[in-house]
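> give the three-dimensional model of this entry:
(3 chains)
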Amino acid sequence: MGGPVHEELAALRLVDHHCHGVTREDLDLAGFEALLSEGGRWPGSGISPFDTPVGLAVRRHCAPLLDLPRHAPAEAYLARRAELGTAEVNRRFLTAAHTGVLCVDTGYAPPGATNPRELAEAAGARAYEVVRLESVAEAVAARGVEPDAYGDAVRAAAEAAVRRPGVVAVKSVAAYRTGFDLDPRRPTPAMVTAAARHWLTAGGGRLADPVLQRHLLWTAVDLGLPLQLHVGFGDSDIRMHRVDPTHLTDWLHLTAGTIPVLLLHCWPYQRQAAYLAAVFEQVYLDVGLTLHHVGPARARTILAEALEITPFRKLLYSSDACGPAEFYALGALAFRQGLAGLLRDLVDADEMSLPDALRIARWAGAENARRVYRFPADS
Amino acid sequence: MGGPVHEELAALRLVDHHCHGVTREDLDLAGFEALLSEGGRWPGSGISPFDTPVGLAVRRHCAPLLDLPRHAPAEAYLARRAELGTAEVNRRFLTAAHTGVLCVDTGYAPPGATNPRELAEAAGARAYEVVRLESVAEAVAARGVEPDAYGDAVRAAAEAAVRRPGVVAVKSVAAYRTGFDLDPRRPTPAMVTAAARHWLTAGGGRLADPVLQRHLLWTAVDLGLPLQLHVGFGDSDIRMHRVDPTHLTDWLHLTAGTIPVLLLHCWPYQRQAAYLAAVFEQVYLDVGLTLHHVGPARARTILAEALEITPFRKLLYSSDACGPAEFYALGALAFRQGLAGLLRDLVDADEMSLPDALRIARWAGAENARRVYRFPADS
Amino acid sequence: MGGPVHEELAALRLVDHHCHGVTREDLDLAGFEALLSEGGRWPGSGISPFDTPVGLAVRRHCAPLLDLPRHAPAEAYLARRAELGTAEVNRRFLTAAHTGVLCVDTGYAPPGATNPRELAEAAGARAYEVVRLESVAEAVAARGVEPDAYGDAVRAAAEAAVRRPGVVAVKSVAAYRTGFDLDPRRPTPAMVTAAARHWLTAGGGRLADPVLQRHLLWTAVDLGLPLQLHVGFGDSDIRMHRVDPTHLTDWLHLTAGTIPVLLLHCWPYQRQAAYLAAVFEQVYLDVGLTLHHVGPARARTILAEALEITPFRKLLYSSDACGPAEFYALGALAFRQGLAGLLRDLVDADEMSLPDALRIARWAGAENARRVYRFPADS
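Okay, the predicted model is just below:
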């Protein structure tokens, strides 16, 4: 246990290239449980979200950060959480993550969530913003727009959104809306107008039209910023069989040489994501969200699969923390322990030199993200 | 090796929530080999089903139960099997499984197989019955029915079948017939009549019509009993790319709040099944059949993948034993060793407390099934 | 580490049932890097193909074969490579692989590559040839043929190609051209003529028509030789979601009892390939190409997944080496270490007897291929 790779990662201030706000509300057991699982609450079922790998990980790794014994019961955990107050709890978990940079997806946040500035303050980190393209388009529709002006209006709104200070990337949740089995070509203006007419006539709302989704992906290309794509694991709105990222292969061929594409989460498609990262220069991946859901004990296996053929410049860290601040601490812990364990064993088996292992740890934990996002020099 | 989790699982009488009859016929080498593999017999190929992971597991773990040395050769194994006689052999393997409850799928059994009562007697267990919906529908067709009476007749026959004493669940083999890429909506009576006309006119037989298959899934909802679904691994009638259980996502949304859905076997889709179990309250899974085919040495890896994000209330045990009684002993052994090894290592790494590990072992081995199936109190 | 299984595999002259020529050209760093990755070169990206698992494996395991320290830097490695000269380098790596038989796919080779005779000489092995069916068809088109003569011409050309001495198998890269979601039936002559007309009118070139691809698969059946199929991992021309080999299930049913079908590479579909090998008598698999790309440290995991339910008569060895001779040495090393480690641990856990382990090692490393390809007796 431990050793130089663990120490390197422990000392490293991570770049968390995809995360969300944490709730500032005080949470009771039911409220906490609802945020703990991608399945939400199942009242009356007798099935507690604490009885999951992530629930065990909270009791094992987060309880001590609240001065409780390891494996504290859920009730005691929530009582102590309430006693300390959410502000203090958030501060503890956010600082425990030891993160230097946060790229905050502001397109989704639980009720009462911190904004990026508050998050940065609590974490002692710099915060940047990630603009969710579907939110931009839905806001354009909500403001009211003629179908034949939709394409230009979305483009203009997206350009305005990303020009704001601190914005470093855009994100699409096409995975949740249409899946990736899309025509890869840029839709013509006439196609966009027709699809917009259909959508707007039906009252707008949640964008899930395949043509408008393609339009957003191509808008990302025009914006020129890195594009984050939700892949794989998420809540029950995902149709998992439609989000194998290799469905994007033709689109990646068409857009090669333009923007970096960052595949988020990826489980259970981490090998498919790794394949894309191995053969397309512009593709990167992380296994965020998965790491805290499987827990530190299993994170190493997921990282090992994600790294089987992946160039070491292509793996990034994200927590995808959202809601309870615990996920910031757990994601970082699972990443550090999983990656360090993996690299240390390779060094011990003399399959990798120690300097190589330390370099790969720094790359994945921070430097790869810095290369892709080109943060201002002082961050 | 060993320790309290192993002891807990060794002492626990398992609930085997999906299994079949065992053959009462004496088997020679060729007959045994034919039942050993999902590939059946390949006469003249020179490829023995003993030269597989399950074949090795039989020689390693079943031979000693017949008083032979570990790793006994196949010929010696069959000779000893014949010497003891099938009744004694069955008794030994069924009691070795140490099972308290058997849920027997009576829709498929090898020739000369035991019925549930005989199985229970040999195992010293309680037996319940699982009604296969395709068999009900095919029997209705075989008896003769007008197309416009088909829907009601199937419904009535299914209701009669599940009203029989001891029936605790229904099962569908849609995986074998159409795969899961079905329209999730309940078919209208007119659609059912049209599809039934087509099928009955063609002579009935093996039901594989997508509308009639959907009708059966919705009949299960009406019946109100837990529904077992074959997922993944099976014989060459499976089209594996069509049985990714996440194809059922829309149907699971439509039927949320109705019946429990139990995904059987699942390999190689155990992660996809785990995702569904994590986000849908009504979804459960097991990795039966797989466990004895991969053998005790590998069962732990499969269980670890199945449990990555699965709520601990959602994993059940099944053997899916069918034909040779060896599979009862092997399935139970692989489950106990695999799960105990997994949990013990988590306890040893202090990622899980021992009381949590013992509880999870009891849940997966018996109590989760008891919650879902609500067996009469005396079982 | 080590022990009798390692020794058995170290002493065994492998049969490499699928490989390619190695380059005879002197390679500078850029030239070597371009051949090291399935992603090719990404000039200006700052991402070196050495910063990958296979890059580390070259520095770790190949450097010492060039008299360099383990983990030598890339620059030093290429300098030493140049100093020794490519002929000497090739000789060292090819003999390090300790291969008795090479089945060389001559349908693709890097510029300046060795032919099978030269390869065999450098390796001290016997070489046989594998005929790529798409190359045969494309040559027929290039020579000029009337659409209605295309089917017969391809058949005649393929028959002529496989009658040449030393040809032991045919290969299809349908995975790269159309994927496997093809109508399984043999196309009629009229369909072939129509598809050929379409293709030839468009100028021929790269064959990617689904009817003509099916025609080639059925031509393989007529030829009667074993058919190698690229499955899974490869360069960015692959659409990974279309190459799940279980899409071939109906075709495998239709062609049962005819030719052996050998699934190559397979990652990330090794479990799907294993399923097919378990239920179809004629299906075999390897995890070539993957082994050196994931590196010796990870090869064991891939082999373990490939062997979960696979009959031990069905696993073959291939390097799929192509370009740098390093891949011959690395593929063989990864296979030997991975398989030996896997088998040894099973023996140590008493899950497998040592004689069984030694037999399985010999089968997978050489004898299974000898059974399938029936090389002349003196090889």
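
> all contacts plus neighbour counts: C-alpha atoms, from now on.
Noted.

> close to chain C: what parts of chain A are there?
By the rule Cα under 8 Å from any Cα of the partner chain, the part of chain A lying against chain C is A:244, A:246-247, A:249, A:271-272, A:275-276, A:278-281, A:307-313, A:346, A:351-353.

> repeat that for 6 Å
Contact residues, chain A versus chain C (Cα under 6 Å from any Cα of the partner chain): A:246, A:278-279, A:308-309, A:311-312.

> quick one: the helices in the stretch 101-250 of chain A, in order.
Using DSSP state H, counting those that start in this stretch, the helices of the stretch 101-250 of chain A run over A:116-123, A:133-143, A:147-163, A:174-177, A:189-201, A:210-223, A:249-254.

> what's the average pLDDT for the fifth one?
So the one you mean is helix A:189-201. Average pLDDT, helix A:189-201: 98.

> would you turn the helices of the stretch 101-250 of chain A into a markdown table with mean neighbour count and distance to B:I47?
A markdown table is the format used below for the helices of the stretch 101-250 of chain A (neighbours: other Cα atoms under 10 Å in any protein chain shown; distance: least, Cα to Cα, whole Å):
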| stretch | mean neighbour count | distance to B:I47 |
| --- | --- | --- |
| helix A:116-123 | 19 | 62 |
| helix A:133-143 | 19 | 56 |
| helix A:147-163 | 18 | 62 |
| helix A:174-177 | 22 | 44 |
| helix A:189-201 | 17 | 58 |
| helix A:210-223 | 21 | 50 |
| helix A:249-254 | 18 | 40 |
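
> need those in a markdown table with distance to chain B, can you?
As requested, those are exported to a markdown table (distance: least, Cα to the nearest Cα, whole Å):
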| stretch | distance to chain B |
| --- | --- |
| helix A:116-123 | 26 |
| helix A:133-143 | 22 |
| helix A:147-163 | 30 |
| helix A:174-177 | 13 |
| helix A:189-201 | 22 |
| helix A:210-223 | 18 |
| helix A:249-254 | 19 |
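
> picking that back up, which of the residues of chain A next to chain C come close to chain B?
Okay, of the residues of chain A next to chain C, nothing touches chain B (Cα under 6 Å from any Cα).

> format these as CSV; extra columns: pLDDT and secondary structure.
CSV is the format used below for these (pLDDT from 0 to 100; DSSP: H, G, I helix; E, B strand; the rest coil):
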residue, pLDDT, secondary structure
A:T246, 98, helix
A:A278, 98, helix
A:V279, 97, helix
A:E308, 97, coil
A:I309, 97, coil
A:P311, 97, coil
A:F312, 98, coil
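
> ok, whatever residue of the stretch 201-350 of chain A ends up closest to chain B - contacts?
Scanning the stretch 201-350 of chain A for the residue nearest chain B gives A:V294, at 5.1 Å (criterion: Cα to the nearest Cα). Contact analysis of A:V294 by Cα atoms under 6 Å, 6 or more residues apart in numbering or on different chains lists A:53, B:308-309.

> most neighbours of all the residues you listed, which one?
B:I309 (26 neighbours; other Cα atoms under 10 Å in any protein chain shown).

> identify the residue nearest that residue in space, chain neighbours excluded?
Spatial nearest neighbour of B:I309, chain neighbours left out: A:V294 (5.4 Å); criterion: Cα to Cα, 6 or more residues apart in numbering or on different chains.

> I'd assumed A:W267 was in contact with A:G288.
No. Taking contacts as Cα atoms under 6 Å, A:G288 lies outside contact range of A:W267: 8.9 Å.

> with adjacent residues omitted, what lies nearest to the residue of the stretch 51-200 of chain A found nearest chain B?
Of all residues in the stretch 51-200 of chain A, A:T52 sits closest to chain B, at 4.4 Å by Cα to the nearest Cα. Closest residue to A:T52 apart from its sequence neighbours, by Cα to Cα, 6+ apart: B:P311 at 4.4 Å.

> report the separation between the one you found and A:G21.
Distance of B:P311 to A:G21, computed by Cα to Cα, to the nearest Å: 25 Å.

> strands along the stretch 1-150 of chain A, start to end?
Shown for the stretch 1-150 of chain A, the strands assigned by DSSP state E, counting those that start in this stretch span residues A:14-19, A:99-105, A:126-132.

> so which of the ones you listed is the most packed in?
For these, the largest average neighbour count (mean count of other Cα atoms under 10 Å in any protein chain shown) is found in strand A:14-19, namely a mean of 28.

> and that one, what does it pack against?
When contacts are defined as 3 or more Cα pairs under 6 Å, 6 or more residues apart in numbering or on different chains; DSSP states H and E, strand A:14-19 packs onto strand A:99-105.

> the strand it packs on packs against which elements?
Here strand A:99-105 touches strand A:14-19, strand A:126-132, going by 3+ Cα pairs under 6 Å, 6+ apart.

> can I get those strands in TSV with mean pLDDT and distance to B:S37?
As requested, those are exported to TSV (pLDDT from 0 to 100; distance: least, Cα to Cα, whole Å):
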stretch	mean pLDDT	distance to B:S37
strand A:14-19	98	47
strand A:126-132	98	51
